[in-house]
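*Asks:* Quick check, what structure comes out for this input:
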Amino acid sequence: MSDFDILSLAKQHLQDLADGKFGEELIASYFSKDVTQKELPNKLNINGSTSDYNELIERSKKIRHIVMQQTFTVLHEHLAGNTVILEVLWKGIFTIPIGNTQPGGTINAHCALIMEFENGKIIRMRNYDCFDPF
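*Replies:* Numbers count the residues shown, from 1 in each chain. Presented below is the predicted three-dimensional model:
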């Protein structure tokens with residue numbers, strides 16, 4: 001698979017998230033069954049987390065009830081072999097209060113996403129999410 005293909009897949013994954021796709025349909029499209037996804041500690045997930053394929057499916061189902069809308073603006077993109085690195089501005093509108101932000105308010109995060117591909121699927125992913133104050 002060419003660099004262009006994995007870069008396109010990484011960005012399409014973000015677009016599908018923004019379009020409201022979730023669950024196994026979303027996860028199966030982009031992730032290997034052997035995936036490990038690590039979210040580094042951040043303001044919403046203070047201990048961070050590590051998820052496998054099934055946990056990613058369950059998390060995506062839960063998130064759709066909490067995040068009513070989200071957008072991803074890719075600020076920078078980098079390729080290194082089988083790895084895509086995206087610097088992203090994320091904006092989310094929540095259905096529940098988050099800190100001082102009421103339901104319907106917007107929360108912003110500056111994110112670095114590192115996606116390692118194998119056979120056209122993400123095999124490892126790391127998220128570094130830095131939230132603006134909320």
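*Asks:* Packing partners of the helix ranked longest in the chain?
*Replies:* In the chain, assigned by DSSP state H, the helix with the most residues is helix 3-18. Counting contacts by 3 or more C-beta pairs under 8 Å, 6 or more residues apart in numbering; DSSP states H and E, helix 3-18 is packed against helix 23-30, strand 67-80, strand 83-94, strand 106-118. Quick note: C-beta positions are derived from backbone N, CA and C, even for glycine.
*Asks:* Show residues contacting that helix.
*Replies:* For helix 3-18, contacts defined as C-beta atoms under 8 Å, 6 or more residues apart in numbering pick out 26, 29-30, 70-72, 74, 77, 79, 82, 84, 86, 88, 113, 115, 117, 120, 122.
*Asks:* Now for Ile123: which residues touch it?
*Replies:* Here Ile123 is in contact with Ser32, Asp34, Val35, Thr36, Glu116, Phe117 (C-beta under 8 Å, 6+ apart).
*Asks:* Was I right to think the last one contacts Ile85?
*Replies:* So the one you mean is Phe117. No. Counting by C-beta atoms under 8 Å, Phe117 stays clear of Ile85, with 11.9 Å between them.
*Asks:* Neighbour count for those two, which is higher?
*Replies:* Ranked by neighbour count (other C-beta atoms under 10 Å), Phe117 and Ile85 place Phe117 first, with 23 against 17.
*Asks:* Next one: that one from Thr101, what distance?
*Replies:* Phe117 is 35 Å from Thr101, where distance means C-beta to C-beta, to the nearest Å.
*Asks:* So which bits of the least confident helix or strand in the chain by mean pLDDT are buried?
*Replies:* Counting by mean pLDDT, DSSP states H and E, the chain has its least confident helix or strand at helix 3-18, which shows a mean of 92. Of the residues in helix 3-18, Ile6, Leu7, Leu9, Ala10, Lys11, His13, Leu14, Leu17 count as buried by neighbour count, 16 or more other C-beta atoms under 10 Å.
*Asks:* Take those residues and lay them out in a markdown table including distance to Ser49.
*Replies:* As requested, the buried residues of helix 3-18 are exported to a markdown table (distance: C-beta to C-beta, whole Å):
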| residue | distance to Ser49 |
| --- | --- |
| Ile6 | 24 |
| Leu7 | 26 |
| Leu9 | 23 |
| Ala10 | 21 |
| Lys11 | 24 |
| His13 | 19 |
| Leu14 | 19 |
| Leu17 | 17 |
